[in-house]
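J.: Below is the sequence, then the predicted model.
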Amino acid sequence: MTIEKAIALAPAERAVNLIGSDLTEKSLKLHLEGLSGVDAVGLEQRAAGLGTRSIKTTSKAWALDTIIKLIDLTTLEGADTPGKVRSLAAKAMLPDPADALTPQVAAVCVYGDMVPYAADALGSAWSNGSDNGINVAAVATAFPSGRSSLPIKIMDTKEAVANGADEIDMVIDRGAFLSGKYGVVFDQIVAVKEACRRENGTYAHLKVILETGELNTYDNVRKASWLSILAGGDFIKTSTGKVSPAATLPVTLLMLEVVRDWHLLTGEKIGVKPAGGIRSSKDAIKYLVTVAETVGEEWLQPHLFRFGASSLLNDVLLQRQKLTTGHYSGPDYVTID
């Protein structure tokens, strides 16, 4: 008979409070595997129903402005340059040069080495660790694969934070998760969370990317969501945008339900970020409705919900201009990202 060794895990506060002070690989696994299974048909039916709901024309202007305020304007390409990042920052500050009343986006999301250029380009509009202004988010931990040693992931994170990143978007080790090594994934998130600590004792916000397109089942998405929250994530995020499928409405609904259940259990609010594949205002509005109906309109704020997107903003600007002028502008009305 094989006796499973009780491997102690990092004593993350949330996990200790929920599971107990004797936090081990075994106790974490028992908790995650004790979660109720996801009714896939029911989940997809709920998402489809929410996706068919429309909003009044009078509410559309509010919805479009809300979408803009929730966007992490993103460029994550190997060919990114300081010039491209500066252009992105300029668009983040003034999305529509023809309309100074257009809201600013929530954040600019770039690779860690591009953080100084983003912060410099934002200037006084940069939040710089405060609750006001545009944040600079950096992907880290061997994005997008997550295939690297923990010391490298920690160094990657610390460098981005030292460069001025207000937020870190980390990726979990999907190979470890799918192998049932939940403790490995848990301890890595805890370590990266600690690496988000600044010299003044404050922390950059941590978004944990599940890469749901590689998790295969809704049950795994639920387990990974709970694991990420227990380990200290401030946000749970669907995808890197580099794997298909990326964000989907059923997966986002499931993650919102986890966040709702966590809030009911503890009173703490966790953010959700669908990323990748959301390109139209019509689709984004479906997500707004899903958020409002699942966790409440109070979640429609940048510190609790984001869209990870690059092309979405252009469509929102075109729709916004149509509301004002009554007709669509040509493709040259918006900048090409």
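T.: Yep, that arrived. Residues are numbered from 1 along each chain as shown.

J.: The stretch 1-150 of the chain: strands as residue ranges?
T.: All strands of the stretch 1-150 of the chain, identified by DSSP state E, counting those that start in this stretch, fall at 71-74, 107-111, 135-139.

J.: Dump the second one to PDB, restricted to CA.
T.: This file holds the C-alpha atoms of strand 107-111, laid out as PDB (Å, rounded to 0.1, in the frame of the first residue of the first chain):
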ATOM      1  CA  ALA A 107      -4.300  49.800 -18.600                       C
ATOM      2  CA  VAL A 108      -1.600  49.200 -21.200                       C
ATOM      3  CA  CYS A 109      -0.400  45.600 -21.300                       C
ATOM      4  CA  VAL A 110       3.100  44.900 -22.600                       C
ATOM      5  CA  TYR A 111       6.100  42.600 -22.100                       C
END
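
J.: mind listing what that strand pairs with, with the direction of each?
T.: strand 71-74 (parallel), strand 135-139 (parallel) (DSSP bridges).

J.: Not counting its own residues, what contacts the last one?
T.: Counting by C-beta atoms under 8 Å, 6 or more residues apart in numbering, strand 135-139 makes contact with 72, 76, 106-112, 114-115, 118-119, 122, 126-127, 160, 163-171, 205, 207, 240, 302, all of which sit outside it. For the C-beta atoms, the positions are set from N, CA and C on the backbone; glycine is no exception.

J.: Could you do the shortest one as well?
T.: Residues lying outside strand 71-74 but in contact with it, judged by C-beta under 8 Å, 6+ apart, are 88, 91-92, 105-110, 137, 241, 273, 275, 306-310, 312-313.

J.: Over to stretch 299-311?
T.: Contacts of stretch 299-311 (C-beta under 8 Å, 6+ apart): 66-67, 69-75, 106-107, 109, 131, 135, 205, 207, 235, 237, 239, 241, 247, 256, 259, 269-276, 278-279, 284, 287-288, 291-292, 298, 337.

J.: With stretch 83-95 instead?
T.: 68, 73, 75, 100, 102-105, 107-108, 110, 114, 117-118, 121-122, 125, 134, 313, 317, 335, 337.

J.: still on that earlier bit, and the contacts of strand 135-139, which are buried?
T.: 72, 76, 106-112, 114-115, 118-119, 122, 126-127, 160, 163-171, 205, 207, 240, 302 (16 or more other C-beta atoms under 10 Å).

J.: among these, which are in helices?
T.: When the buried ones among the contacts of strand 135-139 are checked against helices (DSSP state H), the matches are V115, A118, A119, L122, A160.
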